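>>> Okay, here's the prediction I keep looking at, along with the sequence it came from:
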Amino acid sequence: MKLKNIILVVIVSLFTHIATSQEGLPIYTDYLTDNYYLIHPSMAGIANCSKVRLTGRQQWFGQDNAPKLVTLSMNGRIGDSQSAIGGILYADKNGYHSQKGAYATYAHHLMFSRSEADLNMLSFGLSAGFIQYQLDETSFLFDGPDPIVQGIVQNETNFNIDLGFSYHFLDFYAHATVKNVLENSGVNRDTKITSNLRRYLFSIGNVFSKYGSEWSYEPSLMFQYRDLTEESSIDVNAKVYKQMDFGKLWGGLSYRQSLDGAEFLTSSNAVSSQKLQQITPILGVNYNEFMFAYTYTYQTNSVVFTNGGFHQLTLGYNFNCSREKYACNCPAVN
């Protein structure tokens, strides 16, 4: 096998940890841009405002058919009740593969504290939706007929659900979510690979600050595990917030480490291996009811497709806001 082909195999293996065109909404670091609802359905309506978030992500500028993702989400409480609803639309394209999805969410929040001054809340969420997968084979037959290539645009639509819970206690929080709970008929001939898309997500974090200070600090972790392939990775995150007259400035850094490696041959035919490693700086601002954030993800591995990174912009709007109820440093809630 030529070295070029070996390198391509390594790249494909590494990127199955973070995004494929057949696993529903890809799990990037979007959640760190004030958008935990995008991966945890129990976070719908958790805040004192209803939220709209629009995210655009572009990978490898200058490369043809490079991966790109657009998401639009909205969530909020149902009146003054403990129930909330939300919705997510997304479109993901990766070369000849693409997918579009739509989810609707119901969440319920249970308060355990004696008053609203102390945050002690357990939340449950369920999302259900449809994902349409597409494979464009119209340009595959450049060398003539092939019995396994139909030369058409293939489509497959599947139904699936996500479910999870969140727990907030003062400045501490934890989330657990199972995505793609149901097995389906698969989206290509190898149904063993595509029928089970189940993924487990676990997040934990805390916000620290001194009394009366304009600064606060939020370390967090996020672990994800794919059921079928037994692949896993962990995100180590750190964010800092500064309260301003107009709102809030914030930034942070995220480091993603795959716990599974991929082997490849070097130019000297020696066997080597590497694990996916990504660093993502984050910068954001809340200006009155508007939110803007930018993230840039850089892959630090020695064997990569290109040195170009992943650019992501997030625009947000908060509406139907109530007063901040809880005496805590909890940006996702207050």
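Ah, there it is. Numbering: from 1, shown residues only.
>>> Report the mean confidence score over the longest strand seen in the chain.
Identified as the longest strand of the chain according to DSSP state E is strand 247-265. Averaging pLDDT along strand 247-265 gives 86.
>>> Stretch 129-145 now?
74.
>>> that older thread, what is the orientation angle of the first helix or strand past the longest strand of the chain going along the chain with strand 247-265?
Counting by DSSP states H and E, the next helix or strand C-terminal to strand 247-265 is strand 271-287. In terms of direction (axes from the mean of the first three to the mean of the last three C-alpha atoms, to 10 degrees), strand 271-287 departs from strand 247-265 by 170 degrees.
>>> Quick check: next helix or strand after strand 271-287?
Following strand 271-287 in sequence order, the next helix or strand is strand 290-299 (DSSP H and E).
>>> The helix or strand that comes right after that next one vs strand 271-287, what angle?
Past strand 290-299, further along toward the C-terminus, the next helix or strand under DSSP H and E is strand 310-319. Here the directions of strand 310-319 and strand 271-287 differ by 30 degrees (the same axes, to 10 degrees).
>>> Sheet-wise, list the partners of strand 310-319 with their directions.
strand 50-59 (antiparallel), strand 290-299 (antiparallel) (DSSP bridges).
>>> re earlier: check which helices and strands the longest strand of the chain sits against.
Packing partners of strand 247-265 (3 or more C-beta pairs under 8 Å, 6 or more residues apart in numbering; DSSP states H and E): helix 3-15, strand 231-243, strand 271-287. C-beta: built from backbone N, CA, C; applies to glycine.
>>> coming back round to it: out of the strands paired with strand 310-319, which gets nearest to E137?
Closest of the strands paired with strand 310-319 to E137 is strand 50-59, at 22.6 Å (criterion: C-beta to C-beta).
>>> ok, now how distant is the closest residue to N120 other than its chain neighbours from M121?
In space, and not counting its chain neighbours, N120 is closest to S113: 3.9 Å by C-beta to C-beta, 6 or more residues apart in numbering. Distance from S113 to M121, counting by C-beta to C-beta, to the nearest Å: 8 Å.
>>> So for those two, which sits in the more crowded spot?
Applying other C-beta atoms under 10 Å to S113 and M121 shows that M121 carries more neighbours, namely 21 against 13.
>>> Is there a neighbour count for the nearest residue to that one once chain neighbours are set aside? I'd like the number.
Excluding the flanking residues, the one nearest M121 by C-beta to C-beta, 6+ apart is H168, at 4.8 Å. Here the number of neighbours of H168 (other C-beta under 10 Å) works out to 22.
>>> show me the contacts for H168.
Neighbouring residues of H168 by C-beta atoms under 8 Å, 6 or more residues apart in numbering: 46, 119-121, 123, 330, 333.
>>> that older thread, possible to save the strands paired with strand 310-319 as JSON lines with distance to S42, mean pLDDT and mean neighbour count?
As requested, the strands paired with strand 310-319 are exported to JSON lines (distance: least, C-beta to C-beta, whole Å; pLDDT from 0 to 100; neighbours: other C-beta atoms under 10 Å):
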{"stretch": "strand 50-59", "distance to S42": "15", "mean pLDDT": "92", "mean neighbour count": "19"}
{"stretch": "strand 290-299", "distance to S42": "21", "mean pLDDT": "93", "mean neighbour count": "18"}
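>>> mind giving me JSON lines with these and columns for distance to D92?
Output for the strands paired with strand 310-319, formatted as JSON lines (distance: least, C-beta to C-beta, whole Å):
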{"stretch": "strand 50-59", "distance to D92": "9"}
{"stretch": "strand 290-299", "distance to D92": "16"}
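>>> Which of those sits closest to L197?
Using C-beta to C-beta as the measure, strand 50-59 is the one of those that comes nearest L197, at 20.1 Å.
>>> Of all the residues in the helix or strand that that closest one is followed by, which ones are buried?
Once strand 50-59 ends, the next helix or strand along the chain (criterion: DSSP H and E) is strand 68-77. Residues of strand 68-77 classed as buried: 68-69, 71-77 (neighbour count, 16 or more other C-beta atoms under 10 Å).
>>> Return the member of those nearest to N288.
Nearest to N288 among the buried residues of strand 68-77, counting by C-beta to C-beta, is G76 at 17.7 Å.
>>> Quick check: closest non-adjacent residue to the closest one.
G76 sits nearest to S50 (C-beta to C-beta, 6+ apart), 2.8 Å away.
>>> OK, contacts around that neighbour?
Counting by C-beta under 8 Å, 6+ apart, the residues that S50 touches are 74-77, 318-321.
>>> hmm, who's touching stretch 88-105?
Contacts for stretch 88-105 (C-beta under 8 Å, 6+ apart): 19-22, 24-26, 37-38, 41, 44, 65, 67-73, 75, 84-87, 125-137, 139, 162.
>>> The same query, at a cut-off of 7 Å, please.
21, 24-26, 38, 41, 44, 65, 67-73, 75, 85-87, 125-136 (C-beta atoms under 7 Å, 6 or more residues apart in numbering).
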